[in-house]
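A.B. asks: Build me a model:
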Amino acid sequence: MSFSKKGRLLLFFLLLLCLIAGVTIYFSSTDSANPVPEQPIDISESMAAVLYSTSLTAEYDNDGKSILAFIHESGEISSYETTGLESNAIVKLDNELLLHEKDQVTAFTDEGQPQHHPFEACSVYSGYGQSTGSIIEKDLSYSMFNQSYSEDQSYYISTIRWSIGDSFYCETIEEYVLTDGVVGDKLYLLTTDIIEHRGLSLIEVDFQTDQLNVQAYPLNEELTEDLLVFSKLITDQNDQLYVLLSDYEDSVIYLKLMHIDLNQPSIIGEYVLKEYSLEDDPIYFIFNKNAVQPIQGKLYFPDGFGDMYSFHLSSKEISHEFSFLDYAREEYENDEMVYIKDDLFYFFRYDEQENRHILEEYQLDGERTKQIEISTELQELIRNERVHIYDFKMLD
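C.D. replies: Numbering: from 1, shown residues only. Modelled structure (predicted):
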């Protein structure tokens, strides 16, 4: 049998495609059978952890990517990579750090090798942004996830995962969560009707080992379409809750503090902290929910311009405490987060001039007492990955 010149070319290209497909299948099966060993990570050698991940839209073509980087005192890093999970957060415990993933939970300890706990019966798709925590009285940790509308679009579904020791549990609730916080042995959620964009409710969650007891307390019926929440639910240990939020009216953005009484759940006050023009939107945004904490009777909070303020919970006085040094915000979402620990402020940021990340420590009076230049390996890891910073926590 003979072929024309055109037929011979077609046969050649078909054989070439078969060869490429065979090689691809071979190496794919080889990689699956012999996965690259995970890098041992000892969290006792790390001072901080920062989490990056792709957004949900970046996962339409593939699984996306999450990068958890552990920062050492020297500025060097260790890293763990997995599939993407938008708006995710890490859970910091005494001697352990948990990373919830779509179908598993990965635990990092001082023993080196990460430990994986399957969670296929409770797949999750997106977090709520720093909506994780622990309840010391119950030796329990939790993480909140943003799931989906119900099939008939009549309500919203969220998932709560929690763990007690090595046991993991999961349950869904019919709520859209704006933020969360722990008081004593209970978890509290601030929620809204996302269907009608109206009303705030306080949800009390009592963990009963393998199930939840949930109680709802309506707070108001106001429109929430333009409401943005910038903090966790913060307690002063006197059955009072505070939450930082913003709303706008007549072309003015109002940064407010809402005061909620837990004894008879109700809103008992709103205090205007700052005013911004619409031109400042979204630059004025607080860096992250964990950046707002009470210290010695004052509620400390930074704004997006790098200025740290305080609100005296008794006198209601607002003070400018200090500004982060050598910093000017250029654009929204530029790898900046703040973490408050032991009356110290930690500022993680990207220095565009140096093309590297920096971790700084500040005292209450604004004195910068530590500045660590982080290895450029971090920048190389996240470059061209379409990842966003979703969490930052100090570990030691």
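
A.B. asks: who does the helix or strand hosting residue 148 touch, helix- and strand-wise?
C.D. replies: Using DSSP states H and E, the element containing residue 148 is strand 140-149. The helices and strands touching strand 140-149, judged by 3 or more CB pairs under 8 Å, 6 or more residues apart in numbering; DSSP states H and E, are strand 90-92, strand 97-100, strand 127-135, strand 156-164, strand 176-183. For the C-beta atoms, the positions are set from N, CA and C on the backbone; glycine is no exception.

A.B. asks: and if we set it to 7 Å?
C.D. replies: When contacts are defined as 3 or more CB pairs under 7 Å, 6 or more residues apart in numbering; DSSP states H and E, strand 140-149 packs onto strand 127-135, strand 156-164.

A.B. asks: Report the contact partners of residue 234.
C.D. replies: Contacts for residue 234 (CB atoms under 7 Å, 6 or more residues apart in numbering) come out as 181, 241-243, 292, 294, 299.

A.B. asks: Out of these, flag the one nearest to residue 115.
C.D. replies: Residue 115 has its nearest neighbour among these in residue 181, at 28.3 Å by CB to CB.

A.B. asks: tell me the contacts of the closest residue to the closest one other than its chain neighbours?
C.D. replies: Distances taken as CB to CB, 6 or more residues apart in numbering place residue 233 nearest to residue 181, at 2.8 Å, with adjacent residues excluded. Residues in contact with residue 233 (CB under 7 Å, 6+ apart) are 179-181, 188, 190, 241, 243.

A.B. asks: What's opposite residue 248 in the beta bridge?
C.D. replies: For residue 248, the beta-bridge partners are residue 253 (DSSP bridges).

A.B. asks: Thought residue 227 was touching it, still the case?
C.D. replies: No. Using CB atoms under 7 Å, residue 248 is not in contact with residue 227, being 9.7 Å away.

A.B. asks: Am I right that residue 245 is in a strand?
C.D. replies: Yes. Under DSSP: H, G, I helix; E, B strand; the rest coil, residue 245 sits within a strand.

A.B. asks: burial measure for the spatially closest residue to it that is not a sequence neighbour, as a count.
C.D. replies: Excluding its sequence neighbours, the residue lying closest to residue 245 (CB to CB, 6+ apart) is residue 229, at 4.9 Å. Neighbourhood size, residue 229 [other CB atoms under 10 Å]: 22.

A.B. asks: Could you check how far the residue nearest to residue 181 is from residue 76?
C.D. replies: In this view, residue 233 and residue 76 are 36 Å apart by CB to CB, to the nearest Å.

A.B. asks: Residue 154 too?
C.D. replies: Noted for residue 154: a distance of 51 Å to residue 76, by CB to CB.

A.B. asks: again with residue 242
C.D. replies: 38 Å.

A.B. asks: Who has more neighbours out of the two?
C.D. replies: residue 242 (22 against 14).

A.B. asks: element containing that one, please.
C.D. replies: Element membership of residue 242, judged by DSSP H and E, is strand 240-249.

A.B. asks: Can you give me the buried ones in that strand?
C.D. replies: Neighbour counts over strand 240-249 (16 or more other CB atoms under 10 Å) mark 240-248 as buried.

A.B. asks: now stretch 90-104
C.D. replies: For stretch 90-104, a neighbour-count test (16+ other CB under 10 Å) marks 90-92, 96-102, 104 as buried.

A.B. asks: Quick one: end-to-end length of stretch 220-238, please.
C.D. replies: With CA to CA, to the nearest Å as the measure, the first residue of stretch 220-238 is 22 Å from its last.

A.B. asks: pLDDT of it, averaged?
C.D. replies: The pLDDT scores in stretch 220-238 average 92.

A.B. asks: Figure out how far it is from the centre of its chain.
C.D. replies: 17 Å (CA atoms, centre = their mean, to the nearest Å).

A.B. asks: Can you list the buried residues in that stretch?
C.D. replies: Across stretch 220-238, burial judged by 16+ other CB under 10 Å covers 224, 227-235.

A.B. asks: And for stretch 249-266?
C.D. replies: Across stretch 249-266, burial judged by 16+ other CB under 10 Å covers 253, 255-260, 262, 265.

A.B. asks: Generate CSV for the residues you listed, with secondary structure and pLDDT as supplementary columns.
C.D. replies: Below are the buried residues of stretch 249-266 laid out as CSV (DSSP: H, G, I helix; E, B strand; the rest coil; pLDDT from 0 to 100):
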residue, secondary structure, pLDDT
253, strand, 94
255, strand, 96
256, strand, 97
257, strand, 97
258, strand, 98
259, strand, 97
260, strand, 97
262, coil, 94
265, coil, 96
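
A.B. asks: can you pull the contacts of residue 129?
C.D. replies: Neighbour list for residue 129: 87, 89, 289, 390 [criterion: CB under 7 Å, 6+ apart].

A.B. asks: shaky segments in the stretch 1-150 of the chain?
C.D. replies: 1-37, 60-61 (pLDDT under 70).

A.B. asks: now the helices: where do they sit in it?
C.D. replies: Taking DSSP state H, counting those that start in this stretch to define them, one finds helices in the stretch 1-150 of the chain at 5-33.

A.B. asks: same check, this time on the stretch 151-300 of the chain
C.D. replies: Counting by DSSP H, counting those that start in this stretch, the stretch 151-300 of the chain has no helices at all.

A.B. asks: farthest-separated two in the buried residues of stretch 249-266?
C.D. replies: Largest pairwise distance in the buried residues of stretch 249-266, by CB to CB, is 28.4 Å, between 253 and 262.

A.B. asks: and the buried residues of stretch 220-238, which two are the farthest apart?
C.D. replies: 224 and 235 (22.3 Å).

A.B. asks: Next, work out how far apart residue 203 and residue 212 are.
C.D. replies: In terms of CB to CB, residue 203 sits 10 Å off from residue 212.

A.B. asks: So for these two, which residue has more residues nearby?
C.D. replies: The neighbour comparison of residue 203 against residue 212 (other CB under 10 Å) goes to residue 203, with 19 against 15.

A.B. asks: Confirm for me that the more buried one is in contact with residue 213.
C.D. replies: No. The pair residue 203 / residue 213 is not scored as a contact, 11.0 Å apart, by CB under 7 Å.

A.B. asks: Just give me the neighbour total for residue 206.
C.D. replies: Residues lying near residue 206 (other CB under 10 Å) number 13.

A.B. asks: All good on my end, thank you.
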